[in-house]
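Student: okay, here's the prediction I keep looking at, along with the sequence it came from:
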Amino acid sequence: MKEVVLVALALMMVSLSHSQSPAQESEMNTSGRMLADPDKLTIGGYGQIDYNQPVNPGSYSNGNLDVHRLVMLFGYKFDERTSFITEIEFEHVKEVYIEQAFVDYEILSWLHLRGGLMLIPMGIINEYHEPTTYNGVERPNLDKYIIPTTWREIGMGFTGQFPASGLGYQLYLVNGFLGSDNGDPNLSGASLFRSGRQKGAESVFTAPNIAFRLNYTGIPGLNTGFSGYFGASQSTLMDGLDTDDPIAVATADSSMVGIRMIGLDARYSIAGIGLRGQLVTGSVTNTPEYNAFHGSDLGSGFLGYYAEISYDLFHGFDSGDDQLIPFFRFEQYNTHRTVHTSIVQNPAFNRTDLTFGIGWKPNSGVVFKADYQLLSNAGGTGGKQQFNAGIGVWF
């Protein structure tokens, strides 16, 4: 199945490279919109309210109603070249996070210096996670268990666009996942790196990591990207380490892993049809030592991909901003694609999701959503079904 999906995506890219169709999807996320705004002070926000109802034949399950997130955004222009963007998020009513807080300085039109708490430019959803920009009530699970959205870290680097060629880039040095906190593991086979996100909260810094993204938008309606992330996890055991103590050095080394991740993604819109595809793969080194030291089950290789198709039923009609968009997404992600012989490969971590649903946008900034999910895994233990409904806004 993997080979079929990859070949299909490649053929789609080749065929689309000869198309000339008007774009129907905004190429700007929240920070991009605010940086482009000429006003000195800009205020925006987005939020979503969700209903999740497990469906278990033969038994009753309570549903969950949640103000999943409410985010306020502020941008300030000090002058024509210097801007500050911040994003303050309230999750589940009671949790507060800073999702972004960075300064952007334009050195040249194609070269911006950027530093602070920034989104890692990996995949689609991590940078385009406003609820009106994607189909489905919940974000794809690939962007939860492999790309741990919302993934942000503190760092500095460069970003820019070359409008004439349709090329754009981002290149950052950032801190990494906290893999070991006083000997307690944050990385695992089930959720990979998700619990290791430091989110800019008193982040531990052991060694720098590199994150980059190249974008191509030179064909109307098409947005493709190639992303990468390379480095190592961070560890509190490295603090105050006596380099002349071989036992202490070996112990500290066992608390860290090396991480390599690359991703390909594509979005295309034509005549009301929306196509999306994403592939993320990577490897983790030093896992035998990490797992032995922590008693964890972190895998040595991971892979995830999905393909999605949607259609605006109101396309071609004089409906103003109204859109009615049914969609279908096939998604597969495996956080135990490969493991070292010191642990047992868990087929339950090889998961497949089928999601189909519909979204109604009475306005480009408001969406009402509903979908149904069939969730399974190769171990035969994850046969779950769930109905979701939600409201999303972005302004």
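Tutor: Happy to help now that I have it. All figures in this text were calculated on a predicted structure; none of them were measured in a lab.
Student: buried residues, the helix or strand hosting Ser83. List them.
Tutor: In this assignment (DSSP states H and E), Ser83 forms part of strand 82-91. By neighbour count on 16 or more other Cβ atoms under 10 Å, the buried set for strand 82-91 is Ser83, Ile85, Thr86, Glu87, Ile88, Glu89, Phe90, Glu91. No exception for glycine: its C-beta is placed from N, CA and C like everyone else's.
Student: same thing with stretch 378-390?
Tutor: Of all the residues in stretch 378-390, those buried under the rule 16+ other Cβ under 10 Å are Ala378, Gly382, Gln386, Phe387, Asn388, Ala389, Gly390.
Student: out of these, which is nearest to Leu73?
Tutor: Gly390 (20.1 Å; Cβ to Cβ).
Student: next, the closest one: phi, psi?
Tutor: Torsion angles at Gly390 (phi, psi; degrees, to the nearest 10) stand at phi -170, psi 170.
Student: what sits opposite it in the beta ladder?
Tutor: Applying DSSP bridges to Gly390 gives these bridge partners: Asp50, Lys369.
Student: look up how far Gly382 lies from it.
Tutor: 23 Å (Cβ to Cβ, to the nearest Å).
Student: hmm, back to that, among the buried residues of stretch 378-390, which are in strands?
Tutor: The strands, defined by DSSP state E, take in Gln386, Phe387, Asn388, Ala389, Gly390 from these.
Student: quick one: which of these is nearest to Asn286?
Tutor: Nearest to Asn286 among these: Gln386, at 36.3 Å, using Cβ to Cβ.
Student: list the neighbouring strands of the helix or strand containing Gly277 plus their orientation.
Tutor: Per DSSP H and E: Gly277 is located in strand 273-285. In the sheet, strand 273-285 lines up against strand 258-270 (antiparallel), strand 301-311 (antiparallel) (DSSP bridges).
Student: got the buried residues for the longest one?
Tutor: If I follow you right, that is strand 258-270. Gly258, Ile259, Met261, Ile262, Gly263, Leu264, Asp265, Ala266, Arg267, Tyr268, Ser269, Ile270.
Student: could you give the average pLDDT over the strand holding Ser83?
Tutor: Average pLDDT, strand 82-91: 97.
Student: so what touches that strand?
Tutor: 30-31, 34-35, 67-78, 96-106 (Cβ atoms under 8 Å, 6 or more residues apart in numbering).
Student: would you list the ones in strands among the buried residues of stretch 378-390 in TSV and tack on distance to Glu202 and pLDDT?
Tutor: Output for those, formatted as TSV (distance: Cβ to Cβ, whole Å; pLDDT from 0 to 100):
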residue	distance to Glu202	pLDDT
Gln386	35	97
Phe387	39	98
Asn388	34	98
Ala389	37	98
Gly390	33	98
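Student: distance of the closest residue to Glu106 other than its chain neighbours from Pro163?
Tutor: Excluding its sequence neighbours, the residue lying closest to Glu106 (Cβ to Cβ, 6 or more residues apart in numbering) is Arg81, at 4.2 Å. Arg81 sits 18 Å away from Pro163 when distances are taken as Cβ to Cβ.
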